[in-house]
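Visitor: Predicted model follows, preceded by the sequence.
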Amino acid sequence: MSNRSAVDTIRGYFYQFDLSIFSILQLGALDDSVEIECVEDIDIRTATEVTATQCKYYAKTEYNHSVIKDAVKHMLSHFKESLLGIKPDVFYSIKGHYASGQEKLDGGVDVNFIKEHFLTYSKGKGSSKVTHYHHIDLDLSDTDLDKFLGRLTIDVRAKEFEELYREVLDAIQKNVGGTSFSAEYFYYNNALAVIRELSIQSDPKDRTITKKEFLAKINTSTVLFNEWFIEKKGKKAHLAALRKEYFTELNVSPYERFFLVEIDPSSYVRNDLKNVFFLLTKKWAKLSAREPSPFCPYVYVHGVSSDELVALKTELHLEDFKVIDGHDFQGANFSYRSIVQNATHGNGIKVKVLNTLPSIEETVNAIYKTRRIYQFYISNSYFDYDHPAVQHIKIQVENLSDIQSII
């Protein structure tokens, strides 16, 4: 597959995902539901009816009847089974976006049109070529076809890729609230993960979700490193957006900032972690003699052994990079009073290291200034702190270099 074809295919997947998300958000009642890839790409179920929807995204292709012929035939086969009582009665919808050719359906679709353009096809080549009539194979009359058309909607002027995306984000804000950033980086990101998970379930009942369930699943203030979201945004743009939202301040205020960093033991390099410490101090500490309210960051490292943490702190100490960790002497218990002492130009404290998760909570609880917690995790969040006065941002990353790019 060429790069262009691969890009077009991926955009087609995103278009289907976005249409699925939009369909859920447009449901009128919280108990109405959507089924992903059941009868068709999306099945929309309300209290009174079901609509099976298939979507096509061909932004560079002219519309021709052959593009949706198989979809119409498949839907008609389902319709036949519904007449026999084998399958439930549903409505059918085909949505497509094309570069041109939409006028070919401007005259509408009647029984003769559907028979000629959608239900007649040939198999074989040359003398062995045989013409088939799908409606005849299904033993359907013109009356049956007319009833089917009453249940079928074809829209070949569906929204363009970016237009649909913007409408999805608007619909998220309308349903969940928040800023445009949270709509995209929290809720839409989570929505992609939910739709992706539904689409891979083998049992149809596990591919169904109500609007109420969907809103509950996406309403989390965690930035996921979702491979589909990263594919859509681009990793560089994703990290840059997080930096702009959370770590770009013209005048850094003297808040108490807690940076929780997870390392991957399989790829850990001490120097990489040291560079994170240096960068945090450079950007999030003010220790000059003229600073009226000096401060420095708190740092917790998740996934590193106690011995390695001691070795790191020792190395920093030897480089005159002063670290305190709440232990005043060998064998002393952790003391929040010790670690919350002011960092100043005079005492040279550049970073405060928290060795355990309980010590984070104890320290945060002991402070009454503005507090912010930034948790970077690889697979699963490892620290929860729910307090209305404390901003707690959770950001999923792949490695330490991602953290450096963000902060």
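Guide: Done, it's in. Numbers count the residues shown, from 1 in each chain.
Visitor: and the residue lying closest to G326 once chain neighbours are set aside, what does it touch?
Guide: Leaving aside its chain neighbours, G326 sits nearest to I339 (3.6 Å; criterion: CB to CB, 6 or more residues apart in numbering). Where C-beta positions appear, they are placed from N, C-alpha and C, glycine not excepted. Contact analysis of I339 by CB atoms under 8 Å, 6 or more residues apart in numbering lists 298, 324-326, 352, 354, 359, 363.
Visitor: ditto for N219
Guide: Taking CB under 8 Å, 6+ apart, one finds 176, 187, 190 in contact with N219.
Visitor: what's the spacing between it and D384?
Guide: From N219 over to D384 the distance is 16 Å, taken as CB to CB, to the nearest Å.
Visitor: Please apply the same query to I393.
Guide: Taken as CB to CB, the span from I393 to D384 is 13 Å.
Visitor: more crowded one of these two?
Guide: I393 (17 against 10; other CB atoms under 10 Å).
Visitor: tell me the pLDDT at the residue lying closest to the more buried one once chain neighbours are set aside?
Guide: Nearest residue to I393 in three dimensions, chain neighbours excluded: Y374, at 5.1 Å (CB to CB, 6+ apart). Per-residue confidence (pLDDT) for Y374: 97.
Visitor: What are the phi and psi values at Y374?
Guide: When quoted as degrees, to the nearest 10, the phi and psi of Y374 stand at phi -120, psi 110.
Visitor: For it, give me its contacts.
Guide: Y374 touches 246, 257-260, 393, 395, 407, counting by CB under 8 Å, 6+ apart.
Visitor: Go through the residues you listed and flag which are in helices.
Guide: Y246 (DSSP state H).
Visitor: Quickly list the domain ranges of the chain.
Guide: For the chain, automatic domain parsing gives the domain ranges 3-222, 234-406.
Visitor: Dump those domains into CSV; add distance to W228 as well.
Guide: What follows is these, written out as CSV (distance: least, CB to CB, whole Å):
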stretch, distance to W228
domain 3-222, 5
domain 234-406, 12
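Visitor: looking at the ones you listed, which one has the lowest mean pLDDT?
Guide: domain 3-222 has the lowest average pLDDT among the domains of the chain, namely a mean of 90.
Visitor: Report the distance from the helix ranked longest in the chain to the chain centre.
Guide: In the chain, assigned by DSSP H, the helix with the most residues is helix 3-25. Mean-position distance between helix 3-25 and its chain equals 13 Å (CA atoms, centre = their mean, to the nearest Å).
Visitor: Give the other helices and strands that that helix contacts.
Guide: Counting by 3 or more CB pairs under 8 Å, 6 or more residues apart in numbering; DSSP states H and E, the packing neighbours recorded for helix 3-25 are strand 33-36, strand 42-45, strand 50-62, helix 161-176, helix 189-199, helix 211-218, helix 227-233.
Visitor: contacts for it?
Guide: Contacts of helix 3-25 (CB under 8 Å, 6+ apart): 1, 34, 36, 41-42, 44, 53, 55-57, 59-60, 95, 97, 161, 164-165, 167-168, 171-172, 174-175, 188, 191-192, 195-196, 209, 211, 214, 228, 231-232.
Visitor: Buried residues in that helix, which are they?
Guide: The neighbour-count check on helix 3-25 (16 or more other CB atoms under 10 Å) flags 8, 12, 14-25 as buried.
Visitor: Those into JSON lines, with extra columns for distance to N271?
Guide: Below are these laid out as JSON lines (distance: CB to CB, whole Å):
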{"residue": "D8", "distance to N271": "42"}
{"residue": "G12", "distance to N271": "43"}
{"residue": "F14", "distance to N271": "38"}
{"residue": "Y15", "distance to N271": "44"}
{"residue": "Q16", "distance to N271": "44"}
{"residue": "F17", "distance to N271": "40"}
{"residue": "D18", "distance to N271": "42"}
{"residue": "L19", "distance to N271": "47"}
{"residue": "S20", "distance to N271": "45"}
{"residue": "I21", "distance to N271": "42"}
{"residue": "F22", "distance to N271": "47"}
{"residue": "S23", "distance to N271": "49"}
{"residue": "I24", "distance to N271": "47"}
{"residue": "L25", "distance to N271": "46"}
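Visitor: Alright, that wraps it up for me.
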